[in-house]
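Engineer: Pasted the sequence and its predicted model underneath.
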Amino acid sequence: MRRPLLLLPLLLLPLTGCAGSSPKPAAAEPATPAPAATAPAAAGSATASPACQAPPDAVLPHTDGSLAETDHGTYCLAPGGRLTVFLTTAGPTDWSSVHSSAPAVLAAAQDPVTAPIGVTAGLFAGAAPGTAELTSQDGSGHSWRVTIVVR
């Protein structure tokens, strides 16, 4: 008896989706010009945040993404989101501690992260909307930098 009851919501799901799809094209038409209209305004605005992408998949539980020394660019993080950084040493010197340029936006989390020998680890949390850079440098002069947009 339970099997037919479980299938009933699945059978109704496509009908619900079809009924709701008729108004969406009309709503989508005004939304198309909006990004084009906001893009020039955002480009001229000093407070506009840069375009960003989701960070690579998280390697630790209860985090929203993980970055490594091979990652570069601009990444998005929600306020309250957590991000790990694992920088692996390629030579005889370790990476310095990972530093946030704006701790009020992207704060170092107080939870300890234990990393293997040769790996510099960092755990950061989105504290408030804004932009911060994470940076580190190894002893041979190589530097690592990413931009995090908390929004």
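Structural biologist: Ah, there it is. Numbering: from 1, shown residues only.
Engineer: just the strands in the protein please.
Structural biologist: Assigned by DSSP state E, the chain shows strands spanning 65-68, 73-77, 82-88, 99-100, 106-108, 119-126, 130-137, 143-150.
Engineer: Now distance to residue 55 too, for the ones you listed, in JSON lines please.
Structural biologist: Any C-beta I mention is one placed from the backbone N, CA and C, and that applies to glycine too. Shown next, in JSON lines, are the strands of the chain (distance: least, C-beta to C-beta, whole Å):
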{"stretch": "strand 65-68", "distance to residue 55": "3"}
{"stretch": "strand 73-77", "distance to residue 55": "4"}
{"stretch": "strand 82-88", "distance to residue 55": "6"}
{"stretch": "strand 99-100", "distance to residue 55": "15"}
{"stretch": "strand 106-108", "distance to residue 55": "12"}
{"stretch": "strand 119-126", "distance to residue 55": "11"}
{"stretch": "strand 130-137", "distance to residue 55": "11"}
{"stretch": "strand 143-150", "distance to residue 55": "8"}
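Engineer: List just the one of these that sits closest to residue 51.
Structural biologist: Among those, strand 73-77 comes nearest to residue 51, with 6.7 Å by C-beta to C-beta.
Engineer: What is that closest one packed up against?
Structural biologist: strand 65-68, strand 143-150 (3 or more C-beta pairs under 8 Å, 6 or more residues apart in numbering; DSSP states H and E).
Engineer: Residue 122 is nearest to which of the ones you listed?
Structural biologist: That would be strand 65-68 among the helices and strands packed on strand 73-77, by C-beta to C-beta, at 8.8 Å.
Engineer: For that closest one, buried residues please.
Structural biologist: Using 16 or more other C-beta atoms under 10 Å as the test for burial, strand 65-68 gives 65-67.
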